[in-house]
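A.B. asks: give me a 3D structure for the following:
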Amino acid sequence: MSKRLTLMTGLLGISFVVACGSSSDEGTSSVAPTTIQSIAPTTAVATSTTTPSTTTSSTTPMTTTPTQQAQSMILYDFADQSDVSDWSNQNDTVMGGVSDSATTWVDGQLVFSGNLSLDNNGGFTSTFGPVNEQLPALMFGADSIIVTARGDGKTYLMQIRNYDNTRYIQRFTTVADVEQDYVLPLADFESVDWRLSVIPNAAPIDTTTIGQLGFYLLDKQVGPFELTISMIRTNVE
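C.D. replies: Numbering: from 1, shown residues only. Below is the predicted model of the structure:
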């Protein structure tokens, strides 16, 4: 069991705009956005192989120092049920759709499941972790994010949100009923707007301002779905 690191996330007043739709399929249904308030939880749990050498304030993201050594870090391992309690779902129901999803904890894993529907111009479900001000330090020197998960054969989308409300996405197609590592290079994340449409010539992702991680199911993949995640960690070459 890796050493656990309890994270205090005192970031208040930061809003993230819920994105919906698909950038890869022009026919994918999309609905108008809604703005939700991300309420900083009292605690947010991540784990790491070592303790970061930086400190954090209650209102600003952590920063790294020139002497900090880059190393692989565990962002979430979902060892305890409390590790999932601060994750929240946002579905197309906010604008009249009928898709549903839930995020639950089962035997040390986060389970993102539900049913995707295109009815009433819907077509997306999502789950997001809490705003986490220690993510910049944990991401220091990383070249990719590794999601250890068991899927259902559907293609999921990982989104990274920064403190300046920029968004980056990358899709990964799961293998049904097989747990494996899905390696998502940071260089392959694309900057998108709230509709998940790619922004041409956008700046590459800046890991020093990462504030939140989440997952979507969309792309007209109607019907029941389930993604079971046991760990999210960084990779350093």
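A.B. asks: all helices of the chain, in order?
C.D. replies: 135-138 (DSSP state H).
A.B. asks: what strands line up against the lengthiest strand in it, and which way round?
C.D. replies: The residue-count maximum for a strand in the chain (DSSP state E) belongs to strand 223-235. Applying DSSP bridges, strand 223-235 is found paired with strand 74-76 (antiparallel), strand 109-116 (antiparallel), strand 144-150 (antiparallel).
A.B. asks: what does it rub up against?
C.D. replies: Residues outside strand 223-235 that contact it (Cβ atoms under 8 Å, 6 or more residues apart in numbering) are 72-78, 106, 108-116, 125, 138-139, 142-152, 154, 156, 174, 179, 183, 213, 215, 217. From N, CA and C alone the C-beta is placed, and that goes for glycine too.
A.B. asks: just the buried ones from the residues you listed, in ChimeraX syntax?
C.D. replies: In ChimeraX syntax, the buried subset of those is picked out as below (16 or more other Cβ atoms under 10 Å):
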select :72,73,74,75,76,77,78,109,110,111,112,113,114,116,125,138,139,142,144,145,146,147,148,149,150,151,152,154,156,174,213,215,217
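A.B. asks: the nearest residue to S88 once chain neighbours are set aside: what's it in contact with?
C.D. replies: Excluding its sequence neighbours, the residue lying closest to S88 (Cβ to Cβ, 6 or more residues apart in numbering) is F128, at 6.0 Å. Contact analysis of F128 by Cβ under 8 Å, 6+ apart lists F16, W87, S88, Q90, Q159, R161, Q212, L213, G214, F215.
A.B. asks: specify the beta-bridge partners of F128.
C.D. replies: S88, G214.
A.B. asks: any idea how far it lies from D107?
C.D. replies: For F128, the distance to D107 equals 22 Å [Cβ to Cβ, to the nearest Å].
A.B. asks: neighbours of D193, how many?
C.D. replies: By other Cβ atoms under 10 Å, 16 other residues sit near D193.
A.B. asks: distance check, A149 against T174.
C.D. replies: Distance of A149 to T174, given as Cβ to Cβ: 7 Å.
A.B. asks: who touches both of the two?
C.D. replies: With Cβ under 8 Å, 6+ apart as the test, A149 and T174 both reach Y182, L227.
A.B. asks: picking up where we left off before, where's the dip in pLDDT among the contacts of F128?
C.D. replies: Checked by pLDDT, those have F16 as the lowest-scoring entry (35).
A.B. asks: alright, I will stop here.
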